[in-house]
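**Q** Have a look; sequence and predicted model below, questions after that.
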Amino acid sequence: YWLPERLARFAHAHPAIRLNILGGNTVQTAQAVIDGQAELGFVEGEVDNDLLSKKTVSEDRIAIFAAPDHPLSRKRIRAEDLAMAQWVLREEGSGTRAHFENAMRKAGIDCTTLGIAMTLPSNEAALAASAKSNLLTAVSELAAAPHLAAGLVVKLQFALAARRFEMLKHRARGESRAAIALVSLLSALADSPDQSRGPGRQDKS
């Protein structure tokens, strides 16, 4: 949700360069860079590997969403409400899932006791399932923005901490000229007040 707009700008500036995006969760993306399948990786989860360097390029916020008629959509949310709820969540290995579970632990909720009815491999699938059921989900605000605008889900009032988007590179490999140009463009956009948009403002990872 964060990357395509920036890649489109890069493609416009460098029409002779062919871009190929490999999709995956944080674990899969880090492994693709280690294996040489990708020169750069962009992730939202924690990566701890000595082979990889990391640079923060933006940030986002995970939020909790529910169907508009869900009972929790009309009340002040407490941690115990979330502990007793039923959930549809991203798969293990997803940065979204890891960030959510870390936030729940900080709120005093034992994640091993959560009522996880379903796990799905994409934000869209989790949002679609939540919109038609009593299941809560936790995904990126960027991912949920179209669903919110269409009235398919509502955001519950329970604040979770912001998370970083990080760019991964292999420490032992040199950079191609294309990668250097992309990193330069991302830095320029991050420095521009019109293009660097923080959490809560729509930016169509």
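**A** Received, thanks.
**Q** Mean confidence (pLDDT) on stretch 28-46, please.
**A** The average pLDDT within stretch 28-46 is 93.
**Q** Going by neighbour count, list what's buried in it.
**A** Under the neighbour-count criterion of 16 or more other Cβ atoms under 10 Å, stretch 28-46 has 29, 30, 32, 33, 38, 39, 40, 41, 42, 43, 44, 45 buried. C-beta: built from backbone N, CA, C; applies to glycine.
**Q** Now find how far off-centre the longest helix along the chain is within its chain.
**A** Longest helix in the chain, counting residues (DSSP state H): helix 177-191. Average the C-alpha atoms of helix 177-191, do the same for its chain, and the two points are 21 Å apart (Cα atoms, centre = their mean, to the nearest Å).
**Q** Counting by contacts, list what it packs against.
**A** In terms of contact count using 3 or more Cβ pairs under 8 Å, 6 or more residues apart in numbering; DSSP states H and E, helix 177-191 is assigned the packing partners helix 3-13, strand 52-66, strand 162-170.
**Q** Tell me which of those lies nearest to residue 115.
**A** Closest to residue 115 of the helices and strands packed on helix 177-191 is strand 52-66 (Cβ to Cβ; 13.8 Å).
**Q** now the closest one against helix 177-191, angle please.
**A** Taking axes from the mean of the first three to the mean of the last three Cα atoms, to 10 degrees, one finds strand 52-66 and helix 177-191 inclined to each other by 50 degrees.
**Q** returning to that earlier point: could you give the mean pLDDT of the longest helix of the chain?
**A** Regarding helix 177-191, the rounded mean pLDDT is 91.
**Q** mind exporting that helix as PDB, just the C-alpha atoms?
**A** These are the backbone C-alpha positions of helix 177-191, laid out as PDB (Å, rounded to 0.1, in the frame of the first residue of the first chain):
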ATOM      1  CA  ARG A 177      22.600   1.700 -10.200                       C
ATOM      2  CA  ALA A 178      18.900   1.100 -10.400                       C
ATOM      3  CA  ALA A 179      18.800   0.400  -6.600                       C
ATOM      4  CA  ILE A 180      20.800   3.500  -5.900                       C
ATOM      5  CA  ALA A 181      18.400   5.600  -8.000                       C
ATOM      6  CA  LEU A 182      15.400   4.100  -6.200                       C
ATOM      7  CA  VAL A 183      16.800   4.800  -2.800                       C
ATOM      8  CA  SER A 184      17.600   8.300  -3.800                       C
ATOM      9  CA  LEU A 185      14.000   8.900  -5.000                       C
ATOM     10  CA  LEU A 186      12.600   7.500  -1.800                       C
ATOM     11  CA  SER A 187      14.800   9.800   0.300                       C
ATOM     12  CA  ALA A 188      13.700  12.800  -1.800                       C
ATOM     13  CA  LEU A 189      10.000  11.900  -1.300                       C
ATOM     14  CA  ALA A 190      10.500  11.400   2.400                       C
ATOM     15  CA  ASP A 191      12.100  14.900   2.600                       C
END
